[in-house]
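Chemist: I need the structure of the sequence given here:
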Amino acid sequence: MSDMKDKLKALTEKLGLKTGAEVAQGKIAKPPVASGPVTDSREMLRDLTARLNLRTGSQWVAQHEEVQARREAGEFEVDKIIPGELLGGEECRFFLVRRDFPLEHRQGNLELGEALQASSKHVALSAADPDLLDFDPRTALFMDTETTGLAGGTGTVAFLVGVGYFAGDCFRLDQCFMRDYDDEGPMLAFLDERFRECGTVVGYNSKCFDLPLLRTRFIQNRLPFRLEARPHYDLVHAARRFWKRRLSDCSLGNIEREVLGIRRHGDVPGYLIPQLWLDYLNSRDARPLESVFYHHRMDILSLVALTAWLSQCLESTGSGFEHTEDQLSLVRVHFNQKNYVEVVRHARTYLESGSGGPLRRECLEMLGLAHKRLQEFPAMQETLELQVQEFPSDLSARLELAKLHEHRTRNLFEAERICAEAISQAGNTREANLLVEALHRRLERIQKKLRRAGTGECADD
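Modeler: Take a look at the predicted model:
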């Protein structure tokens, strides 16, 4: 038994253990100082923490308290973070950021000053709006808003409104920012003075969103909305007319990348912007808003570049549209506005490029109808025959060709042959069935004329 006690005592001393009696009497020695691998690990951890600039929990708490104190002291308010000025009365003021850009400032592939050469004829054509034939870029107001949401209505507020315009030898951009809801009155009063000098409003989806929203805010603040009677150039509709066929996404950001060659750096996604402003109302920390001002500024500068680019493409007889889809869109724009001479010119250029497929068929169809409207019937016949040759299953072209022979060339036998051949080759689709019915009616009419001609009766009816 004594051997067992001796072994236990030796083991206790070796491991530095204490008995219950020793603990009760307070005989507790200081823990041994770590040495060897433990000390090395601690030194490595301290070194790694310093090199990576890491913080301990207590350091994070201290930093948070410091930042909170600076926020409460107003060190991160918008006028301390972003260069600008406070405008308005003693009680209510808004924050204005004004920047002047030289005309040589490049926005993507273009200089801002190139917009001064934009033709009113091209603007009216791209907008399909004859009211824009008086467009003057020197009196145009390029406008965009950032709002608390997309729903519209009286609950939606435009907390950042930007207006850009040419002033002397520069392009001036005013960004009007609401630091809180009380800033709306003086901000709208400032904008009202700017709207007085506006000749044309230029925006992106502004007809459906920006202007209706601003109208509501002006009415609620009992101010006249002077943009109501101004001509409006909404570039989203122009962009869709020319690029929707090629680009399914015609948002301003995608048009910037695919058409204007613009790449943004330091931007923020648009859907995050409303929450960033609401966060600012609570935190009074404007540092995250720097990217919002950048996003907003780029939107307006891109409106200027896009206005210039569209006019340049149309000025060069349409050759500025390099892609076949865009070239056909140009033909369609002229066709929809009944510019049939231009349809013929641009359609022939497109066909000479050798493009095939459904786009070529659409071009031939518009060209044939343009010749018809211009009463150029020999050219119409040539176009329809080419369409039938290249697209034998095109029943609409055969029907138009049959009408042409019936009424213009007076070749009833050829018209009868075309109708009969088209009916025999028709497929079984809803569109084909409707065209077959029309062909049957046309064939009966032609055969009736032939019978009358055979009996000596008048064939015209």
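Chemist: tell me which residues in stretch 417-424 are buried?
Modeler: Within stretch 417-424, the residues that qualify as buried are 418, 419, 420, 422, 423, counting by 16 or more other Cβ atoms under 10 Å. (Each C-beta comes from the backbone N, C-alpha and C, glycine too.)
Chemist: Tell me the one of those residues nearest residue 5?
Modeler: Nearest to residue 5, judged by Cβ to Cβ, of the buried residues of stretch 417-424 is residue 422 at 117.4 Å.
Chemist: Touching, the closest one and residue 398? I think so.
Modeler: Yes - taking contacts as Cβ atoms under 8 Å, residue 422 lies within contact range of residue 398: 4.0 Å.
Chemist: ok, back up a step: now render the buried residues of stretch 417-424 as a markdown table, adding pLDDT, distance to residue 406 and secondary structure.
Modeler: Output for the buried residues of stretch 417-424, formatted as a markdown table (pLDDT from 0 to 100; distance: Cβ to Cβ, whole Å; DSSP: H, G, I helix; E, B strand; the rest coil):
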| residue | pLDDT | distance to residue 406 | secondary structure |
| --- | --- | --- | --- |
| 418 | 93 | 10 | helix |
| 419 | 92 | 9 | helix |
| 420 | 92 | 13 | helix |
| 422 | 90 | 14 | helix |
| 423 | 90 | 16 | helix |
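Chemist: ok, those residues vs residue 214, which is closest?
Modeler: Residue 214 lies nearest to residue 422 out of those, by Cβ to Cβ, at 55.4 Å.
Chemist: just the strands in the stretch 51-200 of the chain please.
Modeler: 85-88, 93-102, 106-107, 110-111, 140-147, 158-167, 170-177, 200-203 (DSSP state E, counting those that start in this stretch).
Chemist: got a markdown table for the ones you listed, with distance to residue 324 too?
Modeler: Output for the strands of the stretch 51-200 of the chain, formatted as a markdown table (distance: least, Cβ to Cβ, whole Å):
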| stretch | distance to residue 324 |
| --- | --- |
| strand 85-88 | 51 |
| strand 93-102 | 35 |
| strand 106-107 | 27 |
| strand 110-111 | 23 |
| strand 140-147 | 31 |
| strand 158-167 | 34 |
| strand 170-177 | 34 |
| strand 200-203 | 29 |
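Chemist: Tabulate those strands in a markdown table, adding columns for distance to residue 406 and mean neighbour count.
Modeler: Listed next are the strands of the stretch 51-200 of the chain as a markdown table, based on distance: least, Cβ to Cβ, whole Å; neighbours: other Cβ atoms under 10 Å:
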| stretch | distance to residue 406 | mean neighbour count |
| --- | --- | --- |
| strand 85-88 | 73 | 14 |
| strand 93-102 | 63 | 18 |
| strand 106-107 | 56 | 20 |
| strand 110-111 | 52 | 20 |
| strand 140-147 | 52 | 24 |
| strand 158-167 | 58 | 22 |
| strand 170-177 | 60 | 21 |
| strand 200-203 | 49 | 24 |
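Chemist: Let me have the ones you listed in TSV, extended by distance to residue 361 and mean pLDDT.
Modeler: Converted to TSV, those look like this (distance: least, Cβ to Cβ, whole Å; pLDDT from 0 to 100):
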stretch	distance to residue 361	mean pLDDT
strand 85-88	59	93
strand 93-102	46	97
strand 106-107	38	96
strand 110-111	35	96
strand 140-147	39	97
strand 158-167	43	97
strand 170-177	44	98
strand 200-203	36	98
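Chemist: Overlap in contacts, residue 422 and residue 398.
Modeler: Jointly contacting residue 422 and residue 398 under the rule Cβ atoms under 8 Å, 6 or more residues apart in numbering are residue 439.
Chemist: May I see the domains of this structure written out as residue ranges?
Modeler: With domains defined by automatic domain parsing, the chain comprises 81-315, 318-377, 392-461.
Chemist: The residue lying closest to residue 110 once chain neighbours are set aside: helix or strand, and which one exactly?
Modeler: Excluding its sequence neighbours, the residue lying closest to residue 110 (Cβ to Cβ, 6 or more residues apart in numbering) is residue 305, at 4.7 Å. Taking DSSP states H and E as the criterion, residue 305 maps to helix 290-315.
Chemist: Report the next helix or strand after that helix in sequence order.
Modeler: Next helix or strand after helix 290-315 toward the C-terminus (DSSP H and E): helix 324-336.
Chemist: So what touches that next one?
Modeler: With Cβ under 8 Å, 6+ apart, helix 324-336 has contacts from 125-126, 128, 241-246, 314, 318, 321, 340, 342-343, 346-347, 349-350, 353, 355, 359, 362-363, 366, 369-370.
Chemist: do the same with stretch 379-396
Modeler: Contacts for stretch 379-396 (Cβ under 8 Å, 6+ apart): 344, 360-361, 364-365, 367-368, 371-372, 397-398, 400-401, 404, 408-409, 422, 425-427, 432, 435-436, 439.
Chemist: for stretch 234-241, same thing?
Modeler: By Cβ under 8 Å, 6+ apart, the list of residues contacting stretch 234-241 from outside reads 126-128, 202-207, 250, 252, 255, 259, 303, 306-307, 310, 329, 332-333.
Chemist: These, buried ones only, as a ChimeraX selection?
Modeler: ChimeraX command restricting the contacts of stretch 234-241 to the buried ones, with burial defined by 16+ other Cβ under 10 Å:
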select :126,127,202,203,204,205,206,250,252,255,259,303,306,307,310,329,332,333
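Chemist: what's the average pLDDT for the helix or strand containing residue 343?
Modeler: For residue 343, the host element (DSSP H and E) is helix 340-352. Mean per-residue pLDDT for helix 340-352: 94.
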